[in-house]
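Asker: structure here, sequence nowhere to be found:
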């Protein structure tokens, strides 16, 4: 009888940082302003706490529906993905102490300070 040998092919499993940065891309696809398309994931102990994407405040018209409200090169109709993720966590009473923030790009100074002041311990950006 012929012996059958199975070849085991192992897939490269992403690190936690790689995994959450991949999710950032998916979250960013929900953006309602084409000026950024950014997403953000807040995770604690390798579990997602909150997500956010660049877009208008809840209940207000979106850029992709009514156009941009540009001032000094920035769209005033939207909030940053990081702000959106943070406010969603706070809205539902989820503490961010010890969390990691995953972003498409390095957060602006205001978003970074807001995250740090709420206890976010690490910020990981796909692009700096």
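Answerer: Sure, I can see it. None of these values were measured; they are calculated from a predicted model.
Asker: OK, contacts around residue 24?
Answerer: Residue 24 makes contacts with 39, 40, 41, 102, 103, 104, 126, as judged by C-beta atoms under 8 Å, 6 or more residues apart in numbering. C-betas here are computed from N, CA, C, even on glycine.
Asker: pretty sure the second one is touching residue 89, no?
Answerer: Translated: residue 40. No. If you go by C-beta atoms under 8 Å, residue 40 and residue 89 don't touch, sitting 10.6 Å apart.
Asker: more neighbours: the two, which one.
Answerer: residue 40 (30 against 21; other C-beta atoms under 10 Å).
Asker: in the sheet, who's paired with that one?
Answerer: Per DSSP bridges, the residues bridged to residue 40 are residue 52, residue 103.
Asker: distance of it relative to residue 26?
Answerer: Residue 40 sits 12 Å away from residue 26 when distances are taken as C-beta to C-beta, to the nearest Å.
Asker: quick one: the most centrally placed residue in the chain and residue 69, what's the gap?
Answerer: When C-alpha atoms, centre = their mean is applied to the chain, the residue found nearest the centroid is residue 40 (0.9 Å). Applying C-beta to C-beta, the value for residue 40 to residue 69 is 22 Å.
Asker: do residue 61 as well
Answerer: Distance from residue 61 to residue 69, by C-beta to C-beta: 10 Å.
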